[in-house]
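Asks: Here is a sequence together with a model predicted from it:
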Amino acid sequence: MTTAPTTSPASRVSGTTATPTPVQPLLNDAVIALRAPTQVWSDSTGDMGSAAVHGVYHGDVRHVRSLTASCDDSPVEWISTAPDGASRIVFGGLLRALDDATPDPKVRLLRDRRVSDGHLSETWTLRSRVEHPVVTTLHLALRPEFAQLHEVKSGHAHPRPAAIELAGDRAIVDAGPQGLELIAPGARVASGAGELTARWDVEIPALGSVEVAWTLTLRDDTLVVGSAAAPARWNAAAVAQTTTDPRLGRWLHTALDDLDALRLVLPEHPDDEFFAAGAPWFFTLFGRDSIWAARLTLPLDRAIAESTLRVLARLQGADDDASTAQEPGKILHELRASALEMPGEGIVLPPKYYGSVDSTPLWICLLADTWRAGMPDAEVRELLPTLRAALGWIRDSGDSDGDGFLDYIDRLGTGLSNQGWKDSGDSIQWRDGRLAEGPIALCEVQAYAYEAALAGADLLDTLGSESDAIEAVFWRGWAADLKARFAESYWVETPEGRYPAVALDRDKEPVDTLTSNIGHLLGTGILSPDDEAHVAGLLRGESLSSGYGIRTMSTAAAGYWPLSYHGGSVWVHDTAIAAHGMLRAGLRADARAVVGGLLDAAEGFAYRVPELHSGDPRTHSSVPTPYPAACRPQAWSAAAAVVCLTALTTSPGA
């Protein structure tokens, strides 16, 4: 994603008295309900406010900071949290101060939360087994905020001023470009000290029940993305039943429900869907993430791959603009409503940012895969101008220093210092822990470029003009040359053995750490079959395989740490890409073994797998250790379930 979390400062050490520096919120214990671009984070009771991430978000703004439910005559003792898909949760509690004298609890409160595009609604149902009527008052309290998402992420959330207007059982809160409306039928709605309250006086009949309900409608005039209007083209329950493995079935059901809720569109093209990268920080279009999520789910939904291609084609770079990292033919990295600032890290990304070295070749790979999966030729031909421009970027701009390999360097000075999928500042390290200096030429990007060149040649040959056929000859030669130079330049020998380096640095030296990046080489064709089998063995070896997936960095590297964002953790999508490559390379047994570890991880996370988890070995814990700041759900992590389905259902000869 964009960066690693801010690290905790020394002032947080026990015994010190200095004021702690704000840090990124932890997410592992929070509960989420979502329907992009709206998301609601709470604790297991449904209340919000006790943790830094809690709140009601719409787009890139947290509209509500805190929200609580209470009963004036009894504490609510919450005992259950029951998700029903991605967008609904029912919380269950007891009101024992309203009970009779018998030991069994007889008065219950059910809190049914539902989230849709720009809306949060809750229905509170009081049920009683007491043999007389019960009179009480229910109370809702919420605090509007309108803080920017990047402020929340950095721990520097700043509330924005807002005007509150009351009208009977509703309240309207106006903060300029953002706002909200609370409607609470039958309640007394009030405001004070920046907080909205709603109170219902209710009577529960003897042996009966009573309901109250309220709705929040959220507004953001700056939104650059919108929710997909059409239903998903897959049926999560039906797909889950296609496997005989009950764990995979449960993961597929959860993952596909999450992918459904992560679907977005751009307002000017409401029929072209793509996957938001993930919650809470990446609820928007990301070139690399949206491409990989579409690519991994291609066996289930070709249409979202087709629309993702079109969405990114419309935003393809046309100019050379250092302020946005844009170059002619380059595919977008990230789209936001406003600049993304990361206090304390010196990073300020423009709303439309192109700082990605791999989105462009990956777009070509997705186009070829989707065409082979049945995308109509006429629709592919409409994207040939984008293909030609993307190939042109690979040839003309992707190689900043003329050495024949695709590389990157931050031209903004305030952009991402690393621009592959491992984009944290310390992700590209030498085996002794030193940071590599750029321009950086990542190993997997060369593999993507090799695959893209050959795939592009096939498309130009088959669907293009006579001049395109000449270009196809060039690209096949270009790919052959890249493959030969890759074999000469990237392989290293260390005490861990022989393997491809993670990258070449500015001096064209191979950065010699053993990393999961080599898994992305599989199935692209840049390696020989013997080398693919060798790489698969390394990925399954003790230093990279945690038992719950493939570590991002070998345990033998000086920089290894199991809770490092990119230096030893396990990313589910990264492991799934390796399994995907193993399947394409014909290494089915290896793919199945890798998938087994992912299934164990999915089970440990109750089948909503996070963005990443700790690289601790399986022998240390019966369940994977969370990386506490990991996003979830994450589109490409959810899409990993589809790779597992393919691996476990593909016949040996397929």
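Replies: Yes, it's here.

Asks: okay, and for the protein, where does confidence drop off?
Replies: Residues of the chain that meet the criterion pLDDT under 70 lie in 1-20, 650-654.

Asks: Could I get the full set of helices for the stretch 301-450 of the chain?
Replies: Counting by DSSP state H, counting those that start in this stretch, the segments of the stretch 301-450 of the chain that form helices are 302-314, 359-372, 377-382, 384-396, 443-463.

Asks: Domains of the protein: list them as residue ranges, please.
Replies: 30-35+38-220, 226-649 (automatic domain parsing).

Asks: Of those domains, which stretch is the most buried?
Replies: domain 226-649 (a mean of 21; mean count of other C-beta atoms under 10 Å). All C-beta spots, glycine's among them, are computed from the backbone N, C-alpha and C.

Asks: Select the longest strand from the chain.
Replies: Longest strand of the chain, by residue count under DSSP state E: strand 134-148.

Asks: what's the next secondary structure element after that one?
Replies: Next along the chain after strand 134-148, taking DSSP states H and E as the criterion, comes helix 149-154.

Asks: CA atoms only for the next helix or strand after that following helix, dumped as PDB, please.
Replies: Per DSSP H and E, the first helix or strand lying C-terminal to helix 149-154 is strand 163-167. C-alpha atoms of strand 163-167 as PDB (Å, rounded to 0.1, in the frame of the first residue of the first chain):
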ATOM      1  CA  ALA A 163     -23.300  24.100  12.100                       C
ATOM      2  CA  ILE A 164     -26.100  22.000  13.700                       C
ATOM      3  CA  GLU A 165     -29.700  22.600  12.900                       C
ATOM      4  CA  LEU A 166     -32.500  20.700  14.800                       C
ATOM      5  CA  ALA A 167     -35.900  20.000  13.400                       C
END
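
Asks: hang on, the earlier thing: give the other helices and strands that the longest strand of the chain contacts.
Replies: On a contact count with 3 or more C-beta pairs under 8 Å, 6 or more residues apart in numbering; DSSP states H and E, strand 134-148 meets strand 61-71, strand 119-128, strand 170-175, strand 178-183, strand 195-204, strand 209-220.

Asks: For residue 546, which of those strands is the nearest?
Replies: strand 61-71 (34.0 Å; C-beta to C-beta).

Asks: strand partners of the helix or strand just after the closest one, parallel vs antiparallel please.
Replies: The helix or strand immediately downstream of strand 61-71 is strand 77-83, counting by DSSP H and E. Looking at strand 77-83 with DSSP bridges, its partner strands are strand 88-94 (antiparallel).

Asks: just checking, residue 600 is part of a strand?
Replies: No: checked against DSSP: H, G, I helix; E, B strand; the rest coil, residue 600 lies outside a strand; its state is helix.

Asks: ok, it touching residue 547?
Replies: Yes: counting by C-beta atoms under 8 Å, residue 600 touches residue 547, with 7.0 Å between them.

Asks: Quickly list what's touching both of the two.
Replies: Residues touching both residue 600 and residue 547 by C-beta atoms under 8 Å, 6 or more residues apart in numbering: residue 618.

Asks: one step back: can I get the domains of the chain in CSV with distance to residue 22?
Replies: Shown next, in CSV, are the domains of the chain (distance: least, C-beta to C-beta, whole Å):
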stretch, distance to residue 22
domain 30-35+38-220, 3
domain 226-649, 8
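
Asks: Strands of the stretch 201-350 of the chain, start to end?
Replies: Taking DSSP state E, counting those that start in this stretch, the strands of the stretch 201-350 of the chain run over residues 209-220, 226-227, 263-266, 269-275, 334-335, 340-342, 347-349.

Asks: Now do stretch 88-102: distance to the chain's middle.
Replies: Counting by C-alpha atoms, centre = their mean, to the nearest Å, stretch 88-102 is centred 36 Å from the centre of its parent chain.

Asks: what about the strands in the stretch 451-600 of the chain?
Replies: Counting by DSSP E, counting those that start in this stretch, the strands of the stretch 451-600 of the chain are 491-494, 497-500, 503-504, 510-511, 570-571.

Asks: which ones are touching residue 479?
Replies: Neighbours of residue 479 in contact, by C-beta under 8 Å, 6+ apart: 450, 453-454, 457.

Asks: would you turn those residues into a markdown table with distance to residue 106?
Replies: Shown next, in a markdown table, are these (distance: C-beta to C-beta, whole Å):
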| residue | distance to residue 106 |
| --- | --- |
| 450 | 68 |
| 453 | 71 |
| 454 | 70 |
| 457 | 73 |
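
Asks: Output the longest helix seen in the chain as PDB, restricted to C-alpha atoms.
Replies: In the chain, taking DSSP state H as the definition, the longest helix is helix 466-489. Output in PDB follows, covering the C-alpha atoms of helix 466-489 (Å, rounded to 0.1, in the frame of the first residue of the first chain):
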ATOM      1  CA  GLU A 466       0.200  -4.000 -40.300                       C
ATOM      2  CA  SER A 467       2.300  -1.500 -38.400                       C
ATOM      3  CA  ASP A 468       1.300  -3.100 -35.200                       C
ATOM      4  CA  ALA A 469       2.600  -6.400 -36.500                       C
ATOM      5  CA  ILE A 470       6.000  -4.800 -37.000                       C
ATOM      6  CA  GLU A 471       5.900  -3.500 -33.500                       C
ATOM      7  CA  ALA A 472       5.100  -7.000 -32.300                       C
ATOM      8  CA  VAL A 473       8.400  -8.300 -33.800                       C
ATOM      9  CA  PHE A 474      10.200  -5.500 -31.900                       C
ATOM     10  CA  TRP A 475       8.600  -6.400 -28.600                       C
ATOM     11  CA  ARG A 476       9.400 -10.100 -28.900                       C
ATOM     12  CA  GLY A 477      13.000  -9.300 -29.500                       C
ATOM     13  CA  TRP A 478      13.000  -6.800 -26.600                       C
ATOM     14  CA  ALA A 479      11.600  -9.500 -24.300                       C
ATOM     15  CA  ALA A 480      14.200 -12.000 -25.400                       C
ATOM     16  CA  ASP A 481      16.900  -9.500 -24.700                       C
ATOM     17  CA  LEU A 482      15.500  -8.700 -21.300                       C
ATOM     18  CA  LYS A 483      15.300 -12.300 -20.300                       C
ATOM     19  CA  ALA A 484      18.900 -12.900 -21.200                       C
ATOM     20  CA  ARG A 485      20.100  -9.800 -19.300                       C
ATOM     21  CA  PHE A 486      18.000 -10.700 -16.300                       C
ATOM     22  CA  ALA A 487      19.700 -14.100 -16.100                       C
ATOM     23  CA  GLU A 488      23.100 -12.400 -16.300                       C
ATOM     24  CA  SER A 489      22.400  -9.600 -13.800                       C
END
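
Asks: start at 302 instead
Replies: In the new numbering, first residue 302, that becomes helix 767-790.

Asks: How about residue 937: what's its closest non-neighbour residue?
Replies: residue 874 (3.6 Å; C-beta to C-beta, 6 or more residues apart in numbering).

Asks: Might one say that that neighbour is in contact with residue 597?
Replies: Yes: judged on C-beta under 8 Å, residue 874 makes contact with residue 597 at a distance of 7.4 Å.

Asks: In contact with the residue nearest to residue 937, which residues are there?
Replies: 593, 597, 935, 937-938, 940-941.

Asks: In helices, which of those residues appear?
Replies: Checking these against DSSP H, those in helices are 593, 597, 937-938, 940-941.

Asks: Show me which of those residues is closest to residue 391.
Replies: Among these, and counting by C-beta to C-beta, the member closest to residue 391 is residue 938, at 24.9 Å.

Asks: surely the closest one meets residue 906?
Replies: No: Residue 938 lies out of contact with residue 906 (C-beta under 8 Å); the separation is 9.6 Å.
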